[in-house]
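>>> 3D, please:
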Amino acid sequence: MSGPPPRRRGRTTLLVATAAVLGAVAGTCTGFVVQAGHEPTALPPLSQPSLRQAKGEVVPLSAAQDRQVKVDGDLRELLLKKPRGAQKADWLAEGADWMSLDAYADEYKKPGGAFENLIDDQFRRAAVTGWKSGHLAVEIRLVQYRQEEYLAAADAAGDGQYWAYEEDDTDVWVVPGTGDGTAYVHNKPRTEPGYMPMYSAEAHAFRGDIAVEVWVYDTEPISKKRIMDLAKRQMERL
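The predicted model follows:
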């Protein structure tokens, strides 16, 4: 997994802000010219009619209906469960676990830059789970952001999709029910001396303030059905 690409939102935000300022200035100048040719207009009275308040009580959502209650709880409980017969992942202490900011940044080729980006993106926390079955290995992460300034989870999912698409000989599908969630199967295995060729697949999506990452590795080609099933079931739990 490589470091995140430059954030695309910066240039878009700058263009929108500049256009808004120029539009406001042009509108203000036009207004002054038009107003100069008219007699002063009397101001309307300050009093306004009172608004009628709607009757009835507002019924709050139950914990089961309120998604925010769910995602503000224990994220580990929202991760897919290890399938029956599969073994827990060697790289995890016990089933689903928390992943610190340092540990998550270390997953990138340039941890230092990734760490700074995650701080800027208002990283809140990450939960991870994984399992093995023969040569098959699965890892799933839920990465949550505070999102006080912008939609960081959407950006994170977009970064994952950007790099996944850069891989050679890759098949791509939209994950149903996720908006722009995408699954990828890399048909060309990675090879290293002393190791068996390793195929991989991944999926990236987001829901609200949570970015979802699904990773699958195997010594045999990975089917579309496998990665799509994992991605869809994980998104349904959110």
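>>> Which parts of this protein are strands?
When secondary structure is read from DSSP state E, the chain shows strands at 87-88, 97-99, 123-133, 136-145, 170-174, 182-190, 198-207, 210-218.
>>> Next, work out how far apart the residue nearest to residue 211 when sequence neighbours are not counted and residue 216 are.
Sequence neighbours aside, residue 156 is the residue nearest to residue 211 in space, at 3.9 Å (criterion: C-beta to C-beta, 6 or more residues apart in numbering). For glycine as for every other residue, the C-beta is placed from the backbone atoms N, C-alpha and C. Distance, residue 156 to residue 216, by C-beta to C-beta, to the nearest Å: 19 Å.
>>> Repeat that for residue 195.
17 Å.
>>> So for those two, which residue has more residues nearby?
Taking neighbours as other C-beta atoms under 10 Å, residue 195 and residue 216 compare with residue 216 leading, 23 against 9.
>>> In space, what's closest to the more buried one - neighbours in sequence excluded?
Once flanking residues are discounted, residue 216 sits nearest to residue 201: 4.4 Å by C-beta to C-beta, 6+ apart.
>>> which residues does that neighbour contact?
By C-beta atoms under 8 Å, 6 or more residues apart in numbering, residue 201 lies in contact with 183, 184, 185, 186, 215, 216, 222, 226, 227.
>>> Identify the bridge partners of it.
residue 185, residue 216 (DSSP bridges).
>>> how about the nearest residue to residue 82, chain neighbours excluded?
The nearest residue in space to residue 82 (C-beta to C-beta, 6+ apart) is residue 131, at 4.4 Å.
>>> Residue 78: neighbour count?
By other C-beta under 10 Å, 18 other residues sit near residue 78.
>>> Revised request: answer the last question for residue 73.
11.
>>> do residue 85 as well
When neighbours are defined as other C-beta under 10 Å, residue 85 has 7 of them.
>>> And the pLDDT at it?
Residue 85 carries a pLDDT score of 90 in this model.
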